[in-house]
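Trainee: Predicted structure and sequence below. I'll ask about it afterward.
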Protein chains: 2
Amino acid sequence: MHPYESIRTEMLRRINDQSWPAGFTLPREEDLADEFGVARGTIRRALASLSEAGLIERKRRAGTRVVDRRGHRSTLTIPIVRHEIEARGGRYGYQLICVDEAAASPLDPALFDGAPLRHVRCLHLSDGKPFQLEDRLINLDAVPEATDETFETISPNEWLVQRAPYSFIRTALRAERAHQIDQDHLGLEAGAPVFVIERQTRFRDAPLTAVRLSNRADEFEIITESGDLL
Amino acid sequence: MHPYESIRTEMLRRINDQSWPAGFTLPREEDLADEFGVARGTIRRALASLSEAGLIERKRRAGTRVVDRRGHRSTLTIPIVRHEIEARGGRYGYQLICVDEAAASPLDPALFDGAPLRHVRCLHLSDGKPFQLEDRLINLDAVPEATDETFETISPNEWLVQRAPYSFIRTALRAERAHQIDQDHLGLEAGAPVFVIERQTRFRDAPLTAVRLSNRADEFEIITESGDLL
DNA sequence: AATTTCAATATGTATAGACATATTGAACGC
DNA sequence: GCGTTCAATATGTCTATACATATTGAAATT
């Protein structure tokens, strides 16, 4: 075990047993370095790790404080559907439903304040069965190449990942009653639950795309594991 | 802008425009240091950041490779209900429903292979209205203090956060049709959708607790924003 | 062919010293 | 009182060097 790890473990202990209670300001890095008998860099390595994990907050001049834990943090990965399906051993299928019927979209075009938009609705299938319905708006000012793309054989999801780097994402996860379009394309009865992922991406303040992905609740879940410190 | 940031930006550019395609092995740190005219530490700082973001993978001796992007990663925080409710300006309320009726739990006791368990079911209210139903199993071997706790005034959630450090969490997010208990306690009709968070925590391989949190779908969503690099 | 051994190598960690810079809290002027 | 100025300070960054160590790929052995 490396010095910075044992130091981190000791710090964790102090946080857990309240020697360093929530809100407490830790000693300065140099003092900690003295206490533990290591260089400042090593202390910083330990603190960086705790900061990463969300247990402490660091601010210049103000010092390092123990965070008042307001929840569990974890990193979640929302997979590209095709990979998700193939990982489960299914055969991936893609089907375009319609293009440029934006009026029918469950997404709010106001997000793009007036920019010209492309609307795509398509279906991702697992072994020929509907798995995920995708409803997407694309900002043609930001991604002009999308004007000439028909999306007949490639899903906008994959098309965009290849082409458009983003700098900001906002993702919302919800449970919803199936909309009419969900019922039609995912083969659900009225009122059935769907798991909805809604995502907006921007690149330097320009909204690129917004998407609503709806999944049959009986076949979809998101799992995240975090084997933390200690 | 610091040197390591501009270097990271340039590396990002190379990844995005495929100069460094997925699977590509980057030059060694020292060569990069030469190329960019900085110390190795500065290169490491930039690479650490990209590694964090999941864009590259690093392995000793094997080098650094560009990851084949399989999805969007983001950090999500599942808040403690009380804070969630108060943040929305609601008045938090807590109500114990029953203790030690494990047979009725939607959770699988097999997770704890035979350890003695405590079962708690309770309700979190916002302005007196049901908001979240909590169904929890606690491993009494791992958290013996729970034997004498009645949970009449404090929720097991908060009680545990204070007491039991964990080293591993697994969280699952699902949309479900309301169970009978969801209908009864959240005031839902049969078939209504609920947003379910299921979490298991362990400490050094000992399962500590498992919990199912169900929320009215019409009042609950999880949002994560990640203002990434660039 | 299968297994073991082993040295080369790229990343990981630690040190120590220098400088940069956001923030704070106090002193100052209005 | 109220805003402004400014120096002190703790964290952030960078450099240069040394050593540690997991992995690999090839050579040696079974």
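Mentor: Structure received. Bear in mind the structure is a predicted one, so any value in this text is a computation, not a measurement.

Trainee: closest point of chain A to DNA strand C, which residue?
Mentor: residue A:41 (2.6 Å; C-beta to the nearest atom of the strand). All C-beta atoms are positioned from the backbone trio N, CA, C, and that covers glycine.

Trainee: Just the CA atoms of whichever strand or helix holds that residue, as CSV, please.
Mentor: Here residue A:41, judged by DSSP states H and E, is contained in helix A:40-52. C-alpha atoms of helix A:40-52 as CSV (Å, rounded to 0.1, in the frame of the first residue of the first chain):
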residue,chain,number,x,y,z
ARG,A,40,3.1,18.1,0.2
GLY,A,41,2.6,16.4,-3.1
THR,A,42,1.7,13.1,-1.3
ILE,A,43,-0.8,14.9,0.8
ARG,A,44,-2.3,16.5,-2.3
ARG,A,45,-2.6,13.1,-3.9
ALA,A,46,-4.6,11.8,-1.0
LEU,A,47,-6.8,14.9,-0.8
ALA,A,48,-7.4,14.8,-4.6
SER,A,49,-8.7,11.3,-4.2
LEU,A,50,-11.1,12.3,-1.4
SER,A,51,-12.2,15.3,-3.4
GLU,A,52,-12.9,13.2,-6.4
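
Trainee: So which elements touch it?
Mentor: helix A:3-16, helix A:29-36, strand A:56-59 (3 or more C-beta pairs under 8 Å, 6 or more residues apart in numbering or on different chains; DSSP states H and E).

Trainee: which one of those is the most hemmed in?
Mentor: Mean neighbour count, computed with mean count of other C-beta atoms under 10 Å in any protein chain shown, is highest for helix A:3-16 among the helices and strands packed on helix A:40-52, reaching a mean of 18.

Trainee: follow-up on the earlier one: separation between the residue of chain A closest to DNA strand C and residue A:183?
Mentor: Remark: distance between residue A:41 and residue A:183 (C-beta to C-beta, to the nearest Å) = 59 Å.

Trainee: Adding mean pLDDT, write the helices and strands packed on helix A:40-52 out as TSV.
Mentor: Formatted as TSV, the helices and strands packed on helix A:40-52 follow (pLDDT from 0 to 100):
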stretch	mean pLDDT
helix A:3-16	96
helix A:29-36	98
strand A:56-59	97
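
Trainee: hmm, stretch A:169-178 in reach of chain B?
Mentor: Yes - applying C-beta under 8 Å from any C-beta of the partner chain, one finds stretch A:169-178 in contact with chain B at A:169, A:170, A:171, A:172, A:173, A:174, A:175, A:176, A:177.

Trainee: model confidence over that stretch, on average?
Mentor: The pLDDT scores in stretch A:169-178 average 95.

Trainee: buried residues in it?
Mentor: Using 16 or more other C-beta atoms under 10 Å in any protein chain shown as the test for burial, stretch A:169-178 gives A:169, A:170, A:171, A:173, A:174, A:175, A:176, A:177, A:178.

Trainee: follow-up on the earlier one: need the residues of stretch A:169-178 next to chain B in a markdown table (columns: secondary structure and distance to residue B:144).
Mentor: Output for the residues of stretch A:169-178 next to chain B, formatted as a markdown table (DSSP: H, G, I helix; E, B strand; the rest coil; distance: C-beta to C-beta, whole Å):
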| residue | secondary structure | distance to residue B:144 |
| --- | --- | --- |
| A:169 | strand | 43 |
| A:170 | strand | 43 |
| A:171 | strand | 40 |
| A:172 | strand | 40 |
| A:173 | strand | 36 |
| A:174 | strand | 39 |
| A:175 | strand | 36 |
| A:176 | strand | 42 |
| A:177 | strand | 44 |
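
Trainee: just those residues now: which is nearest chain B?
Mentor: residue A:175 (3.6 Å; C-beta to the nearest C-beta).

Trainee: check contacts around that closest one.
Mentor: By C-beta atoms under 8 Å, 6 or more residues apart in numbering or on different chains, residue A:175 lies in contact with A:193-196, A:217, B:174-176, B:193-196, B:215, B:217, B:220.

Trainee: Show me which of those is closest to residue A:157.
Mentor: Closest approach between the contacts of residue A:175 and residue A:157, by C-beta to C-beta: residue A:196, at 15.2 Å.

Trainee: Paired strands for the helix or strand where the closest one lies, with orientation please.
Mentor: Here residue A:196 is covered by strand A:193-203, with elements defined by DSSP H and E. Strand A:193-203 has the following strand partners under DSSP bridges: strand A:168-177 (antiparallel), strand A:206-216 (antiparallel).

Trainee: Under the pLDDT cut-off, which ranges of chain A? List them.
Mentor: Scanning chain A for pLDDT under 70 picks out the ranges A:102-103.

Trainee: and it, which residues reach DNA strand D?
Mentor: A:26, A:28-30, A:40-41, A:44, A:47, A:58-64 (C-beta under 7 Å from any atom of the strand).

Trainee: ok, back up a step: could I have the strand holding residue A:196 exported to CSV, CA atoms only?
Mentor: Only the C-alpha atoms of strand A:193-203 are listed here, as CSV (Å, rounded to 0.1, in the frame of the first residue of the first chain):
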residue,chain,number,x,y,z
PRO,A,193,-44.6,2.3,-17.6
VAL,A,194,-41.6,3.4,-19.7
PHE,A,195,-38.1,4.3,-18.6
VAL,A,196,-37.3,7.6,-20.3
ILE,A,197,-33.8,9.1,-20.8
GLU,A,198,-33.8,12.7,-22.0
ARG,A,199,-30.6,14.3,-23.0
GLN,A,200,-29.5,17.6,-24.3
THR,A,201,-25.9,18.3,-25.5
ARG,A,202,-24.3,21.6,-26.2
PHE,A,203,-21.0,22.6,-27.7
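
Trainee: Just give me the neighbour total for the residue nearest to residue A:193 when sequence neighbours are not counted.
Mentor: Leaving aside its chain neighbours, residue A:193 sits nearest to residue B:193 (3.6 Å; criterion: C-beta to C-beta, 6 or more residues apart in numbering or on different chains). When neighbours are counted by other C-beta atoms under 10 Å in any protein chain shown, residue B:193 registers 27.

Trainee: What's opposite residue B:193 in the beta bridge?
Mentor: residue B:177.
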